[in-house]
Structures are given as structure tokens and as C-alpha cells.
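Asks: next one to model:
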Amino acid sequence: MSFTPEFWLILGLTLVLGWVLGLMSRSGGGRWKRELAAEREAHVATKRDYDARLAEADKRAAEHDRRIAEYERAREVRRDDTVVREGRIDNLDLRPGERIEVDADGNRVIRPIR
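Replies: Numbering: from 1, shown residues only. Alright, predicted model coming up:
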């Protein structure tokens, strides 16, 4: 069977028409780009929210640490007539013949062993 020039022309036109119809009937070439852009924006917003929450948590932790330091400075124990911070009092801080007692006010006091 020999192919005539008209056959090649019809075959070419069919191919071009198929491409045109295929491009016209596709499901939106820019749709995936819009969805990708929306997904990127949502990711950026989520990351920004996460970073804000993390910064707020760090701020609360710093405030908490500051308050703990204030409480530790405020709590003091008397050693004879001198004032000693409670945080420094443990068994290693006691001199031989001393012990830690709790007085009537609930304060810890170092007293000699009798």
C-alpha cells in the first residue's frame, strides 16, 4: 500500500488536532502551581506559629528560672548570728559538731550538737 500526500496531510492534521484537543481538555495546567503555592504558604504560616510558640515557651522558662533564683535568694538560714543561703547548706557545709534543725517558724537553722 502506498501513502499519498493527501494521506500524510490528513495524518498530520489529525496529530495536530489531537494535540490541540489534548491541551484544551487537560485538567488545568496552573492548578498544581496554585496548590503548591497555597501549600507553601500554609507551611510558612505553620512554621511561623511554631516559632512563636517556641519563643513564648522560652520566655516563660526564662521567667520561671528568674523567679526560682529570686526565691532561692530570699530563702536564708541563720548560722549563729550570720546569714547563710539555704542552697549552700548540706552535709558538706556543716562543721564537725553541728546539725540542721527546723525552728518554730519553719526555717532551717544550724545548731551545735549537744
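Asks: from the chain's centre, how far out does the helix or strand where Ala37 lies sit?
Replies: In this assignment (DSSP states H and E), Ala37 forms part of helix 31-74. The chain centroid and the centroid of helix 31-74 are separated by 6 Å under Cα atoms, centre = their mean, to the nearest Å.
Asks: report the central residue of the protein.
Replies: Closest residue to the average C-alpha location of the chain: Leu54 at 4.1 Å, with Cα atoms, centre = their mean.
Asks: ok, now how distant is that one from Arg48?
Replies: Leu54 is 11 Å from Arg48, where distance means Cβ to Cβ, to the nearest Å. No exception for glycine: its C-beta is placed from N, CA and C like everyone else's.
Asks: please apply the same query to His64.
Replies: To Arg48, His64 is 25 Å away according to Cβ to Cβ.
Asks: burial of Ala61, as a residue count?
Replies: Counted with other Cβ atoms under 10 Å, the neighbours of Ala61 add up to 10.
Asks: now swap in Glu98 and tell me
Replies: Glu98 has 14 neighbours, counted by other Cβ under 10 Å.
Asks: if you drop the residues flanking it in sequence, what lies closest to it?
Replies: Nearest residue to Glu98 in three dimensions, chain neighbours excluded: Ile110, at 5.3 Å (Cβ to Cβ, 6 or more residues apart in numbering).
Asks: what are the buried residues along the helix or strand containing that neighbour?
Replies: According to DSSP H and E, Ile110 maps onto strand 108-112. For strand 108-112, a neighbour-count test (16 or more other Cβ atoms under 10 Å) marks Val109, Ile110 as buried.
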